[in-house]
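Enquirer: Build me a model from this:
(2 chains)
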Amino acid sequence: MLDVIAARLKQGHRTIGFPAQEPTLPDRFRGLPVIDSSRCREGCRDCAEACPTNAIAIDGGQPRLDLGRCLFCTDCQDACPEEAIRYSTDYRLATRSRGDLVLHGQTLELAKALDEKSRRLFGRSLKLRQVSAAGCNACEADLNVLGTVVFDLGRFGIQFVASPRHADGIVVTGPVSENMRTALLDTYAAVPAPKIVIAVGACAISGGPFIDNPEVHNGCGSLVPVDLFIPGCPPHPITILDGLLRLLGRLEQRPSN
Amino acid sequence: MSHLDRLATLRNAESLPLAALPVIAIDDLHRAMVEAVDGGLRVSALFGDAPSTADGVRLYVVLGDSRTATLHVAKSHLTGDSFPSVTPEVPAAHLFEREIAEQFGVRPEGHPWLKPVRFHASYRPGHDAWGQASGENPVIGVTDYFRVEGEEIHEVAVGPVHAGVIEPGHFRFQCHGEHVFHLEISLGYQHRGAEKTLVGGPNKRTIHTLETVAGDTSIGHATAYCQSVEALADCEVPRRARVLRGIALELERLANHAGDLGALAGDVGFLPTQSYCGRLRGDFLNLTALVCGSRFGRGMVRPGGVMFDVDDDRRRTFIERLDVALRDVTNAAELLWNSASVQARFEETGVVPRESALALGLVGPAARASDVDFDVRRDFPTGVFRSASVPVAIHPDGDVYSRAFIRWMEIQNSVTFIREQLSTLADGSIRADVGPLKTDHVAVSLVEGWRGEICHVALTDGEGRFSRYKIVDPSFHNWSGLAMALRDQQISDFPLCNKSFNLSYCGNDL
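Expert: Prediction:
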């Protein structure tokens, strides 16, 4: 017993100060991509051709980037001869609509809060059921991590629960395999209304690395109505937490860098 | 002449012209497999391929001899829609044969447990091992489950959606009260068509598919893939890149093992270690992110080498943080070993005897916890492991305690390895050019991922494109180990036993 107390003292206090304090992220962290299309060469399509999920299209002579498909790999950056694409360390990526994830020169429209009625219902207590629908266990792992002492999701009144009957919504990961379609729909149906759906990761938003494989449904958007999109492969836990707090109206709407 | 001598041999991460691959009759292939397994070899892979609809199915086998670091390979041409099953004599082949039956519609006659693996339609329309009509798709989870009948016997069905934030799978327990007679594990929910989508590659998506075959094993699978490509392109990876790959692989092991110790503590209600190790797992993931920007090592390993270097400043920061993490994980782990209440739940729970582990072909920590002395890093070394060794951690009892303690031993070994490697990091480039792949070749690549042996087999066509890419995740071998561990246990110990294996669903379902 004394050992346990001694260990507790040694391990110290580990909960991060987010959202009051900015998180510490590694310098090589790949957050929001920044495109300087003024540097693009006439007719150049190198980034679009390099992108493994065809997240980039050249539209009106400048790249249009779909964050919902983006794996945050370095393939476009490495392919670009003019260094027109680079990753910033901006971790804030969540949006309320699928269309907002498509960057074409505009500033990313970060997720707005739920309407007032929903906020009254969920704002101080949000119970979520997670459905992994062919997720690779990376998104799942970084959702799980929100429950550790570092992020301490419980302090925001958000909790993952065991039964959809106890939940206010579902968090979907994975491209939704055909073999998980029914289970996903059943789980969604089992959540009492009003309910929300949160799509976490490139797979759940677009199919990610498995996009257009006949075995998957290219994410959950065609099966359930999504209220919050959190891109990434996988999204950093801070990106997920930031998205959840924005949805609940618990973060100020700060402009994206 | 022994039957095994009829097979061609190669070493790990080498390639061979397909023409040099002996074609032997299926009966001879079986004799060779029986002889191999009797002699202590492992079935690393057994898989099918159907190059065209006109030809029949080809079977390929990879048998690993860890004493000589030799891989024995051969193929057999099947005629018709069935072949004699080798599973009654070589139980380790059981899931491979089920997979072959499902993918190519050939029936292993005499297989004692012929059920679907991933519940998808046959890749050869018109040929179905269960006689389903063409165009009819199997329904996930619908199969003949093993049932125990009798008074007071009851069945408990769990999943696919579980209570925790984990991947989906279906578990059926045949119980008498709390006592589990039998557990059947039926998976396939995670099937994304990963293998099929690799055919015709390599292309710009290939490495990303491999990194997400099992997302907690991105480094392991990416390394296995790169080794096959490099073997097919005769590419020599620079020394510095080999070292950095080894460090990344051990970091992946550290993060997952630390997380597992925490989760095991949680499953017996020992909250201190659960809480500390949950945090420490993240600290190891953050070390991976310090190197490559991604907590899961995405983007680190690429054909020819690695994408991110570690300069002196980064190396210093890295070692400081690694030392602190080891100090804290030591503190958290020692609590486990010194708490009688934890030991009482870990010891003699979910025992897999050595004979079962060998017969089923278990790999990784699950096998080593059952006294099986096998580790790809030592027995089939590639890359940095050719010149630097990591001690192989063995434990004799095969219970949850052994599987937990093995992880602790491996954590310490991995930290020692990383420190040594970082302190002697040779200068030089981190990536070599990779030329076109050799045509009509086969390459075999093994990596000791944190769950155990990862096996990739790449076959190229006349243009140097993949005509078949076989992935064997360690979980594919080990799920039946979990089923065996539950025999004669209390059903309430299932979460604990499950966590002591911590297997991948998507790695199995592909």
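Enquirer: quick one: furthest residue from the center of chain B?
Expert: Centroid-distance maximum for chain B: B:E151 at 39.5 Å, with CA atoms, centre = their mean.
Enquirer: who does the biggest strand by length in chain A touch, helix- and strand-wise?
Expert: Ordering each strand of chain A by length in residues (DSSP state E) puts strand A:126-132 first. Of the remaining helices and strands, those touching strand A:126-132 by 3 or more CB pairs under 8 Å, 6 or more residues apart in numbering or on different chains; DSSP states H and E are helix A:138-144, strand A:158-160, strand A:169-173, helix A:178-190. Any C-beta I mention is one placed from the backbone N, CA and C, and that applies to glycine too.
Enquirer: hmm, who's touching that strand?
Expert: With contacts defined as CB atoms under 8 Å, 6 or more residues apart in numbering or on different chains, strand A:126-132 is touched by A:139-140, A:143, A:157-164, A:166-174, A:180, A:183-184, A:187-188, A:191, A:198, A:244, A:248, B:161, B:165-168, B:190.
Enquirer: just stretch B:294-302 next, same as before
Expert: Contacts made with stretch B:294-302 from outside it, assessed by CB under 8 Å, 6+ apart, are listed as A:30, A:71-74, A:138, A:141-142, A:233-234, A:236, B:207, B:211, B:215-216, B:218-219, B:222-223, B:226, B:244-245, B:248, B:251-252, B:282, B:285-286, B:288-289, B:291-293, B:306-308, B:431.
Enquirer: now it: mean pLDDT?
Expert: What stretch B:294-302 shows for mean pLDDT is 97.
Enquirer: Would you mind measuring the gap between the ends of that stretch?
Expert: End-to-end distance of stretch B:294-302 (CA to CA, to the nearest Å): 14 Å.
Enquirer: Spell out for me the ChimeraX command that would select the buried members of the contacts of strand A:126-132.
Expert: Only the buried entries of these go into this ChimeraX selection, using 16 or more other CB atoms under 10 Å in any protein chain shown:
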select /A:139,140,143,158,159,160,164,167,168,169,170,171,172,173,174,180,183,184,187,188,191,198,244,248 /B:161,165,166,167,168,190
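Enquirer: Return the residues in contact with residue 237.
Expert: Looking at chain A here, since you left the chain open. A:P237 makes contact with A:D142, A:L143, A:V145, A:L146, A:F151, B:G282 under the criterion CB under 8 Å, 6+ apart.
Enquirer: if you could check chain B rather than the one you did, that'd help
Expert: By CB under 8 Å, 6+ apart, the residues touching B:V237 are B:C226, B:E230, B:R245, B:G304, B:G305, B:G383, B:A432.
Enquirer: Past the helix or strand harbouring B:A289, which element shows up next along the chain?
Expert: For B:A289, the element it lies in under DSSP states H and E is helix B:271-292. For helix B:271-292, the following helix or strand on the C-terminal side (DSSP H and E) is strand B:301-302.
Enquirer: Can you show me the strands along the stretch 1-150 of chain A?
Expert: Here the stretch 1-150 of chain A has its strands, by DSSP state E, counting those that start in this stretch, at A:33-35, A:56-59, A:62-66, A:85-87, A:102-103, A:126-132.
Enquirer: Most tightly packed of these?
Expert: Across those, averaging neighbours per residue (mean count of other CB atoms under 10 Å in any protein chain shown) puts strand A:126-132 on top, at a mean of 25.
Enquirer: What pairs with it, parallel or antiparallel?
Expert: Listed by DSSP bridges, the sheet partners of strand A:126-132 and their directions read strand A:158-160 (parallel), strand A:169-173 (parallel).
Enquirer: Make JSON lines from those strands and add mean pLDDT to it.
Expert: Converted to JSON lines, these look like this (pLDDT from 0 to 100):
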{"stretch": "strand A:158-160", "mean pLDDT": "95"}
{"stretch": "strand A:169-173", "mean pLDDT": "97"}
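Enquirer: would you turn those strands into TSV with distance to A:A6?
Expert: Supplementary listing: those in TSV, determined by distance: least, CB to CB, whole Å:
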stretch	distance to A:A6
strand A:158-160	30
strand A:169-173	37
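Enquirer: gap between the helix holding B:A289 and the chain center?
Expert: When distances are taken as CA atoms, centre = their mean, to the nearest Å, helix B:271-292 is centred 23 Å away from the chain's centroid.
Enquirer: Check whether it comes near chain A.
Expert: Yes: in terms of CB under 8 Å from any CB of the partner chain, part of helix B:271-292 sits within range of chain A, namely B:P272, B:S275, B:Y276, B:G278, B:R279, B:R281, B:G282, B:N286, B:A289, B:L290, B:V291, B:C292.
Enquirer: Quick check, B:R431 in contact with B:P238.
Expert: Yes: contact status for B:R431 versus B:P238: in contact at 7.0 Å, counting by CB atoms under 8 Å.
Enquirer: how much distance is there from stretch B:266-277 to the middle of the chain?
Expert: Between the centre of stretch B:266-277 and the centre of its chain there are 27 Å (CA atoms, centre = their mean).
Enquirer: Spatially, what comes nearest to A:L146 if we skip its sequence neighbours?
Expert: What sits nearest to A:L146 in space, not counting adjacent residues and going by CB to CB, 6 or more residues apart in numbering or on different chains, is A:L153, at 4.4 Å.
Enquirer: got a list of what B:S480 touches?
Expert: Neighbouring residues of B:S480 by CB under 8 Å, 6+ apart: B:H94, B:L95, B:I185, B:L360.
Enquirer: can you do 7 Å?
Expert: When contacts are counted by CB atoms under 7 Å, 6 or more residues apart in numbering or on different chains, B:S480 touches B:L95, B:L360.
Enquirer: mind checking which helix or strand it is in?
Expert: Counting by DSSP H and E, the element that carries B:S480 is helix B:474-485.
Enquirer: So, low pLDDT: which residues of the stretch 151-257 of chain A?
Expert: When residues are selected by pLDDT under 70, those of the stretch 151-257 of chain A lie in A:252-257.
Enquirer: interface residues of it facing chain B?
Expert: With the criterion set to CB under 7 Å from any CB of the partner chain, the stretch 151-257 of chain A comes near chain B through A:160, A:162, A:175, A:177, A:179-180, A:183, A:187, A:209-210, A:213-216, A:233-234.
Enquirer: Could you export the residues of helix B:271-292 next to chain A to TSV, including columns for neighbour count?
Expert: Supplementary listing: the residues of helix B:271-292 next to chain A in TSV, determined by neighbours: other CB atoms under 10 Å in any protein chain shown:
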residue	neighbour count
B:P272	20
B:S275	19
B:Y276	28
B:G278	24
B:R279	25
B:R281	28
B:G282	25
B:N286	18
B:A289	23
B:L290	21
B:V291	23
B:C292	27
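Enquirer: Let me know the closest of the residues you listed to B:F501.
Expert: The shortest gap between B:F501 and any of the residues of helix B:271-292 next to chain A belongs to B:R281, at 17.1 Å (CB to CB).
Enquirer: per-residue confidence at B:G164?
Expert: For B:G164, the predicted pLDDT is 87.
Enquirer: Using CSV, write out every CA atom in stretch B:22-35.
Expert: What follows is the C-alpha trace of stretch B:22-35 in CSV, where atoms were taken according to Å, rounded to 0.1, in the frame of the first residue of the first chain:
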residue,chain,number,x,y,z
PRO,B,22,9.8,-26.1,-57.4
VAL,B,23,6.3,-27.2,-58.4
ILE,B,24,5.5,-30.3,-56.5
ALA,B,25,2.4,-32.4,-56.1
ILE,B,26,0.1,-31.5,-53.3
ASP,B,27,0.7,-34.8,-51.5
ASP,B,28,4.4,-34.1,-51.6
LEU,B,29,3.9,-30.6,-50.3
HIS,B,30,1.9,-32.0,-47.4
ARG,B,31,4.6,-34.6,-46.7
ALA,B,32,7.1,-31.8,-46.6
MET,B,33,5.0,-29.7,-44.3
VAL,B,34,4.5,-32.6,-41.9
GLU,B,35,8.2,-33.4,-41.9
